[in-house]
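Participant: structure for the following, please:
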Amino acid sequence: MIKTSTFLEKLYEIENVASHEKQIIAVLETYIDIFPVLDAFLCRYSPIGYLGEGIISMQQNEIKYIHDLRYDIRTLPTIMAAINQKQAKFYGDRELFEKTSSNYVIDSNITSFLITPILSGTSVIGFIYSERIENDAEFGEEMLSCLTEFSKQVGLILQAPSYNENDKLLSNREFEVMKKISSGETTKEIAHSLGISELTVKQYVKLAIKKLDASNRVHAVAELFRRGILS
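Facilitator: Numbers count the residues shown, from 1 in each chain. Coordinates of the predicted model:
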């Protein structure tokens, strides 16, 4: 089982990538590196018209722009189910065949399909799908849960608010969590509003406390105010 802390470390690196476009590429590289997939296609999603639009793909370490790909997600039950349920889903060969519209042609070499919606809070803003999976890879409940958590973290990166670069001691996500703590929100409330697990919130708090050389979360918040990062 992949530990949340493993991909959090990778995502910290992505967050510090210089440009948004490079961040997107780094997301796919991390996705393929961490999970047992051989390719990845990143698309944005708009609930208006149920439109999915291609952004980039990565296959055999080659990046391609896929702006010509446009989907009416309502015609693709495999993707629509993941978006509606806001959870990663895996389909083996038989289930993939049964759930694929007759209007959609599948390459005969594709025998499985993995779809991971990207979340920003409680809204789906995009999705990553893979058509080629490593041999003998298993996508049980724990793996799919890990993929879903990954998607929430990616959404936070791509939609994260920024603050003064001169004060960037914390990552954007750590700052966002600590700001909510300073407003009196509980761990459970923060997890709900950001669409992440309580464990992940606690990990951000722990890292923020360490970076601020504080003894606890109250001390950390006080340090943020003292340094003028929070006002």
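Participant: any chance you could map the helices in this structure?
Facilitator: In the chain, the helices defined using DSSP state H lie at 4-15, 20-34, 77-85, 93-99, 141-159, 172-182, 187-194, 198-211, 217-226.
Participant: next one: the most centrally placed residue in the chain relative to Ser130, how far apart?
Facilitator: In the chain, the centroid-proximal residue (CA atoms, centre = their mean) is Ser151; its distance is 2.2 Å. Distance of Ser151 to Ser130, computed by CB to CB, to the nearest Å: 13 Å. Where you see a C-beta, it was placed from the backbone N, CA and C, and this is true even at glycine.
Participant: and if you look at Phe175?
Facilitator: From Phe175 to Ser130 the distance is 32 Å (CB to CB).
Participant: quick one, which of the two is more surrounded?
Facilitator: Taking neighbours as other CB atoms under 10 Å, Phe175 and Ser130 compare with Ser130 leading, 25 against 22.
Participant: nearest residue to the more buried one in space, please, no chain neighbours.
Facilitator: What sits nearest to Ser130 in space, not counting adjacent residues and going by CB to CB, 6 or more residues apart in numbering, is Val37, at 4.0 Å.
Participant: tell me the contacts of the one you found?
Facilitator: Contact analysis of Val37 by CB atoms under 8 Å, 6 or more residues apart in numbering lists Tyr31, Leu114, Ser130, Arg132, Ile133, Glu134, Ala137.
Participant: do Val154 as well
Facilitator: For Val154, counting by CB under 8 Å, 6+ apart, the contacting residues are Leu11, Val27, Ile118.
Participant: could you give the number of residues near the closest residue to the first one other than its chain neighbours?
Facilitator: In this case it means Leu11. Counting by CB to CB, 6+ apart, Gln153 is the residue found nearest to Leu11 once chain neighbours are left out, at 5.1 Å. Gln153 is flanked by 26 other residues according to other CB under 10 Å.
Participant: re earlier: turn the helices of the chain into JSON lines, including distance to Tyr45.
Facilitator: Shown next, in JSON lines, are those (distance: least, CB to CB, whole Å):
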{"stretch": "helix 4-15", "distance to Tyr45": "20"}
{"stretch": "helix 20-34", "distance to Tyr45": "14"}
{"stretch": "helix 77-85", "distance to Tyr45": "7"}
{"stretch": "helix 93-99", "distance to Tyr45": "18"}
{"stretch": "helix 141-159", "distance to Tyr45": "11"}
{"stretch": "helix 172-182", "distance to Tyr45": "21"}
{"stretch": "helix 187-194", "distance to Tyr45": "19"}
{"stretch": "helix 198-211", "distance to Tyr45": "23"}
{"stretch": "helix 217-226", "distance to Tyr45": "34"}
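Participant: returning to that earlier point: output the contacts of Val37 in TSV, with distance to His20 and pLDDT appended to each entry.
Facilitator: Below are the contacts of Val37 laid out as TSV (distance: CB to CB, whole Å; pLDDT from 0 to 100):
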residue	distance to His20	pLDDT
Tyr31	17	93
Leu114	25	94
Ser130	23	94
Arg132	27	91
Ile133	29	91
Glu134	29	91
Ala137	30	88
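Participant: how is this protein carved up into domains?
Facilitator: Here the domain assignment for the chain is 4-159, 165-226, based on automatic domain parsing.
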